[in-house]
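1. here you go, sequence then predicted model.
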Amino acid sequence: MIDPDKARFEAIAHGGIDAFRRGDTATARQAFETVTASGRGSAQLWLVLAQCCDLQDDRPAARQALGRVLQLDPDNPYALCMQGEIYTRDGDDRAAVSWYERALASANGRTNLPADLVERLQRADAERTAAADRFLGAMQASLAAAGGDANAAGPRFAEALAIISGRSAPQLQQPTSFYFPGLPQQAFYDPADFAWTAGLMAATAAIKAEAMAMMADTGALQPYAEQPRDRPPRDNELFGDPRWSACHLMQGGIPTASAARCPATMAALDGLPIPVIKDHSPMVLFSILAPGMHIPPHHGMLNTRLICHLPLLVPPDCRLRVGNHTRDVREGEMLIFDDSIEHEAWNDSGAPRAILLFEIWRPELSPAERAALTVMFEAVTQYGEG
């Protein structure tokens with residue numbers, strides 16, 4: 001059926017566009033409202049109507065028009081940004097942030113975005129950050145008024161406050177191979193809670209001397225990350241990269257030739273709660289990170305262990321992030337962490353960084369659980385063999 005009024009409404013719409021381009025928002029709005037009232041409004045026409053209403057600071061009308069845009073085009077990033085901008089002007093940060101996050105998510109992965117949209121999304125991101133800062137400030141002010149502060153409540157509360165404010169995201173265990181339920185989601189552990197750490201740190205100088213001797217022997221080093229031989233290739237930029245290298249003292253539970261050259265190191269580890277699992281553990285090595293090297297964010301294989309770092313050769317500007325927590329790396333100061341939580345490391349100095357790296361059982365696992373896990377891990381390795 002031919003629409004006899006189509007040409008007339010198209011002419012009205014074109015007249016509205018011309019008026020909008022001239023800056024005559026009143027005439028443009030009247031034209032667009034005429035067309036949309038006839039039921040002929042496209043998502044684009046409703047969007048321009050919303051812009052006219054917004055320029056006139058008629059926020060209810062702008063919201064109504066944007067609602068129609070999003071009924072027709074739910075992921076329209078312009079409309080999503082505009083909703084956030086209006087709520088920002090209303091002083092409603094919580095509502096504004098929800099719209100900004102939706103806008104940024106809708107644009108994620110899109111290519112060749114118009115320059116004006118890129119600019120608008122950048123403003124949305126900046127407004128989201130500013131809103132998070134205002135919210136955090138308000139929460140801290142409320143705590144202060146009640147006679148407390150986030151620091152007094154402890155690091156767990158401080159992290160929770162950062163998460164609710166949007167400045168941080170929850171960082172949980174995501175092991176790549178095996179997950180054991182019910183274990184604490186704790187990034188770093190306090191070395192003082194482990195009776196053996198004082199003795200190990202006291203041996204730092206002797207262990208460092210052995211590590212430096214091994215570093216001088218390039219034949220004792222190999223890339224830390226290597227492509228698995230019996231698995232499909234994985235995309236990892238660090239596979240085979242000697243800028244992150246390792247000198248293995250125990251590998252797959254077996255002492256290497258390097259272990260005999262490091263008696264002080266091996267003696268210092270004697271009696272520690274290191275897993276003994278056939279073909280798996282102990283795992284002991286010197287990890288060397290070249291100058292300017294960054295280990296990108298990644299997750300470890302298991303959440304039944306903790307990774308221990310004893311920093312031995314540490315220039316300035318070396319850091320380790322685990323979840324939402326970043327620690328400076330300092331010579332002789334143990335770092336114990338759950339590597340199934342996302343982590344990354346930096347050596348932003350001009351000299352190599354070397355640490356002693358090994359794993360221990362998580363302290364929360366009972367002797368019965370450790371015994372059962374040992375049997376299970378060994379059975380997994382043997383499964384399908386011969």
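-> Ah, there it is. Numbering: from 1, shown residues only.
2. CA atoms for contacts and neighbours, from now on please.
-> OK.
3. low-confidence stretches in this structure?
-> Residues of the chain meeting the criterion pLDDT under 70: 1-4, 149-151, 227-236, 384-386.
4. which residues in the stretch 51-200 of the chain form helices?
-> Applying DSSP state H, counting those that start in this stretch to the stretch 51-200 of the chain gives helices spanning 59-72, 77-90, 93-107, 115-145, 150-153, 155-164, 197-202.
5. turn these into a markdown table, columns for distance to E344 and mean neighbour count.
-> Formatted as a markdown table, the helices of the stretch 51-200 of the chain follow (distance: least, Cα to Cα, whole Å; neighbours: other Cα atoms under 10 Å):
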| stretch | distance to E344 | mean neighbour count |
| --- | --- | --- |
| helix 59-72 | 39 | 19 |
| helix 77-90 | 33 | 21 |
| helix 93-107 | 25 | 19 |
| helix 115-145 | 23 | 16 |
| helix 150-153 | 25 | 12 |
| helix 155-164 | 18 | 16 |
| helix 197-202 | 23 | 16 |
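6. can you say which of the ones you listed is nearest to M250?
-> helix 197-202 (17.3 Å; Cα to Cα).
7. helix or strand right after the closest one?
-> Sequence order places helix 204-215 as the next helix or strand after helix 197-202, per DSSP states H and E.
8. need the residues that contact that following helix.
-> Here helix 204-215 makes contact (Cα atoms under 8 Å, 6 or more residues apart in numbering) with 220-221, 247, 258, 261-262, 264-265, 286, 310, 312-313, 332, 354.
9. including neighbour count, could the residues you listed go into CSV?
-> Putting those into CSV (neighbours: other Cα atoms under 10 Å) gives the following:
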residue, neighbour count
A220, 17
L221, 20
C247, 26
S258, 17
R261, 15
C262, 19
A264, 18
T265, 24
F286, 28
L310, 25
L312, 28
L313, 22
G332, 20
A354, 25
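10. buried residues, stretch 292-304. List them.
-> By neighbour count with 16 or more other Cα atoms under 10 Å, stretch 292-304 contains the buried residues 293-295, 298-300, 302-304.
11. quick check: end-to-end length of stretch 170-182?
-> 17 Å (Cα to Cα, to the nearest Å).
12. and stretch 293-308, by the same measure?
-> In stretch 293-308, first residue to last residue: 20 Å (Cα to Cα).
13. now for the contacts of helix 204-215: which two are most distant?
-> Checking those with Cα to Cα, the most distant pair is A220 and G332, at 23.1 Å.
14. all strands for the stretch 251-386 of the chain, in order.
-> Secondary structure of the stretch 251-386 of the chain by DSSP state E, counting those that start in this stretch: the strands cover 254-255, 284-289, 294-298, 305-313, 318-322, 325-328, 335-337, 343-347, 353-361.
15. a markdown table for the buried residues of stretch 292-304, including distance to Y189?
-> Listed next are the buried residues of stretch 292-304 as a markdown table, based on distance: Cα to Cα, whole Å:
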| residue | distance to Y189 |
| --- | --- |
| M293 | 25 |
| H294 | 23 |
| I295 | 21 |
| H298 | 19 |
| H299 | 17 |
| G300 | 16 |
| L302 | 16 |
| N303 | 14 |
| T304 | 14 |
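16. okay, buried residues for stretch 214-224 please.
-> 214-215, 220-224.
17. among these, name the ones in helices.
-> Per DSSP state H, helices hold the following members of the buried residues of stretch 214-224: 214-215.
18. in a markdown table, list the buried residues of stretch 214-224 along with distance to Q83.
-> A markdown table is the format used below for the buried residues of stretch 214-224 (distance: Cα to Cα, whole Å):
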| residue | distance to Q83 |
| --- | --- |
| M214 | 61 |
| M215 | 58 |
| A220 | 60 |
| L221 | 57 |
| Q222 | 54 |
| P223 | 51 |
| Y224 | 49 |
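19. among the strands of the stretch 251-386 of the chain, which is nearest I277?
-> Nearest to I277 among the strands of the stretch 251-386 of the chain is strand 254-255; the distance by Cα to Cα comes to 10.1 Å.
20. what does that closest one contact?
-> With contact meaning Cα under 8 Å, 6+ apart, strand 254-255 is reached by 249, 279, 281-282.
21. now with 10 Å, please.
-> The contact list for strand 254-255 (Cα atoms under 10 Å, 6 or more residues apart in numbering) reads 248-249, 266, 278-284.
22. which of those residues ranks first by neighbour count?
-> V284 (27 neighbours; other Cα atoms under 10 Å).
23. TSV for the helices of the stretch 51-200 of the chain, including distance to L47?
-> Shown next, in TSV, are the helices of the stretch 51-200 of the chain (distance: least, Cα to Cα, whole Å):
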stretch	distance to L47
helix 59-72	6
helix 77-90	7
helix 93-107	15
helix 115-145	14
helix 150-153	43
helix 155-164	32
helix 197-202	63
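24. contacting residues around stretch 240-248?
-> Outside of stretch 240-248, the residues within contact range by Cα under 10 Å, 6+ apart are 211, 214-215, 217-227, 238, 254-259, 283-295, 352-357.
25. list the buried residues for it?
-> By 16+ other Cα under 10 Å, the buried positions in stretch 240-248 come out as 242-248.
26. partners of the helix or strand harbouring M250 in the sheet?
-> M250 belongs to strand 244-251 when assigned by DSSP H and E. Strand pairing for strand 244-251, determined by DSSP bridges: strand 222-223 (antiparallel), strand 254-255 (antiparallel), strand 284-289 (antiparallel).
27. distance between the last one and the chain's centre?
-> On the basis of Cα atoms, centre = their mean, to the nearest Å, strand 284-289 sits 24 Å off its chain's mean C-alpha point.
28. with the second one instead?
-> Here the centre of mass of C-alpha atoms in strand 254-255, compared against the chain's by Cα atoms, centre = their mean, lies 35 Å away.
29. mind listing what F135 touches?
-> F135 makes contacts with 93-94, 129, 141, 161-162, 164-166, as judged by Cα under 10 Å, 6+ apart.
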